[in-house]
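Sharing a model prediction with you, sequence too.
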Amino acid sequence: MATKKRFDWILLVILMSYFMILLDNSIIFTGTVKIAQDLQLNQQTLSWVSSAYSLTFGGFLLLGGRAGDLFGRRRVFQIGLVIFGIGSLLVGLSVNAPMIIASRAFQGIGSAILAPTTLAILMDTYEGPARVRAIAYYGAMAGIGASVSLVIGGVFASLLTWRVGFFINVPISMWMYYLSVRHLQKAGGQSGKLDWLGTLSSLFGMSALVYSIVGTWGKLSALILAIVLLAIFVYQEYRTSQPIMPLRLFKNRERIGAYLGRFLYLGSMLGFWFIRSCPRSMIFDILLCKKRV
């Protein structure tokens with residue numbers, strides 16, 4: 001069982017990493033108009049600032065979790081911090097549409113590594129009542145962090161600049177890296193091999209699925225490709241001895257309920273963020289598809 005000291009520092013690393021992701025998403029929503037004005041982005045191009053992040057985050061999520069199993073939680077967590085920190089710096093320094101879109105895609109890879117790895121570290125570190133408390137704090141951060149980060153993002157976008165919200169992730173990432181070296185246990189990964197067919201089919205299948213939702217052309221083709229690749233992925237996970245996502249997880253009804261609740265929560269939260277942070281005229285423009293931002 002974790003000691004008091006380990007509980008404090010390790011949980012701080014986990015919660016602050018989660019808060020960085022929440023703050024990053026809040027900056028995008030609250031700073032949408034300012035980003036469009038500063039970089040002279042039209043409606044279609046602006047949508048890719050968020051879509052590029054969604055594509056890489058959804059595509060690399062399973063790979064990030066499996067990499068932590070094989071190569072060690074701390075090592076993979078630190079790699080995710082470096083990628084996320086560099087991505088945040090590049091977004092803040094962006095001067096045109098291609099640069100901010102590519103930087104957001106790179107940043108999404110870091111988030112895809114951090115999200116599953118932080119939860120894995122939590123489960124590995126705590127047991128019994130300490131684990132229950134840690135999960136409760138993590139869940140509370142979802143609500144509290146989302147609310148606070150919206151306020152912070154709005155202040156940055158209104159009084160300073162939207163770039164500050166991304167620049168601030170850089171020192172936070174560096175601090176988290178330092179704390180991870182000091183307090184996270186250095187342990188080797190599990191024995192085994194990476195399921196390459198499952199990894200690639202899930203990576204491109206999830207990317208195609210996300211693109212079929214947020215893309216601008218060829219959406220039907222992307223959807224068909226996603227269905228084919230994800231079917232290959234499910235079959236591969238069924239037959240392989242070392243799956244990247246064991247299908248036995250879905251036999252537990254409580255787990256299925258938790259997955260469904262999380263899915264509905266995030267979908268509602270992100271939609272609410274967009275409506276709350278965008279000017280009413282901009283929402284009408286996007287819905288009617290007639291004007292440009």
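Structure's in. What do you need? Given the structure is predicted, the values throughout are model-derived calculations rather than measurements.

CA atoms of stretch 250-260 as CSV?
This file holds the C-alpha atoms of stretch 250-260, laid out as CSV (Å, rounded to 0.1, in the frame of the first residue of the first chain):
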residue,chain,number,x,y,z
PHE,A,250,-16.4,-6.3,-22.1
LYS,A,251,-17.8,-9.4,-20.4
ASN,A,252,-18.2,-7.3,-17.2
ARG,A,253,-21.5,-5.5,-17.1
GLU,A,254,-20.3,-2.9,-14.6
ARG,A,255,-17.4,-2.1,-16.8
ILE,A,256,-19.6,-1.7,-19.8
GLY,A,257,-21.8,0.6,-17.9
ALA,A,258,-18.8,2.7,-16.8
TYR,A,259,-17.6,2.9,-20.4
LEU,A,260,-21.0,4.0,-21.6
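
Now do it: distance to the chain's middle.
From the chain centre to the centre of stretch 250-260 is a distance of 21 Å (Cα atoms, centre = their mean, to the nearest Å).

ok, residues contacting it?
Contact with stretch 250-260 is made by residue 249, as judged by Cβ atoms under 8 Å, 6 or more residues apart in numbering. All C-beta atoms are positioned from the backbone trio N, CA, C, and that covers glycine.

burial of residue 262, as a residue count?
11 (other Cβ atoms under 10 Å).

distance of it from residue 162?
28 Å (Cβ to Cβ, to the nearest Å).

for residue 60, same thing?
Per Cβ to Cβ, residue 60 is found 25 Å from residue 162.

Likewise for residue 257?
38 Å.

and residue 60 and residue 162? which has more neighbours close in?
A direct count of neighbours by other Cβ under 10 Å for residue 60 and residue 162 places residue 60 higher, at 26 against 23.

Grab the nearest non-local neighbour of that one.
residue 112 (3.7 Å; Cβ to Cβ, 6 or more residues apart in numbering).

check contacts around that neighbour.
Contacts of residue 112 by Cβ under 8 Å, 6+ apart are 56, 57, 58, 59, 60, 61, 63, 64, 80.

now do residue 174
Here residue 174 is in contact with residue 85 (criterion: Cβ under 8 Å, 6+ apart).

Sort out which residues of the host helix or strand of it are buried, please.
Taking DSSP states H and E as the criterion, residue 174 maps to helix 169-183. Applying a neighbour-count criterion of 16 or more other Cβ atoms under 10 Å, one finds 169, 170, 172, 173, 176, 177, 179, 180, 183 buried in helix 169-183.

Tell me the one of those residues nearest residue 239?
Nearest to residue 239, judged by Cβ to Cβ, of the buried residues of helix 169-183 is residue 180 at 36.4 Å.

buried ones in the longest helix belonging to the chain?
Ranked by residue count, the top helix of the chain under DSSP state H comes out as helix 128-159. Neighbour counts over helix 128-159 (16+ other Cβ under 10 Å) mark 130-131, 134, 137-138, 141-142, 145-146, 149-150, 152-154, 156-157 as buried.

Next: stretch 32-50.
Buried, per 16+ other Cβ under 10 Å, within stretch 32-50: 32-36, 39, 41, 45-50.

what do you get for stretch 193-202?
195, 197, 198, 199, 201, 202.

what about the helix or strand where the fifth one lies, distance to the chain center?
Residue 201 belongs to helix 196-214 when assigned by DSSP H and E. How far helix 196-214 lies from its chain's middle: 15 Å, per Cα atoms, centre = their mean.

Which helix or strand lies directly C-terminal to it?
helix 219-239.

counting contacts, what elements does that following helix pack onto?
When contacts are defined as 3 or more Cβ pairs under 8 Å, 6 or more residues apart in numbering; DSSP states H and E, helix 219-239 packs onto helix 196-214.

any idea of the angle the helix it packs on forms with helix 219-239?
Relative orientation of helix 196-214 and helix 219-239, computed by axes from the mean of the first three to the mean of the last three Cα atoms, to 10 degrees: 150 degrees.

show me the contacts for residue 77.
Taking Cβ under 8 Å, 6+ apart as the criterion, residue 77 is in contact with 17, 68, 113, 114, 117, 118, 121, 180, 184.

what's residue 166 in contact with, if anything?
24, 27, 88, 89, 91, 92.

on that earlier part again, I'd like the average pLDDT over whichever helix or strand comes after the longest helix of the chain.
Once the chain leaves helix 128-159, the next helix or strand it forms, by DSSP H and E, is helix 162-167. The pLDDT scores in helix 162-167 average 86.
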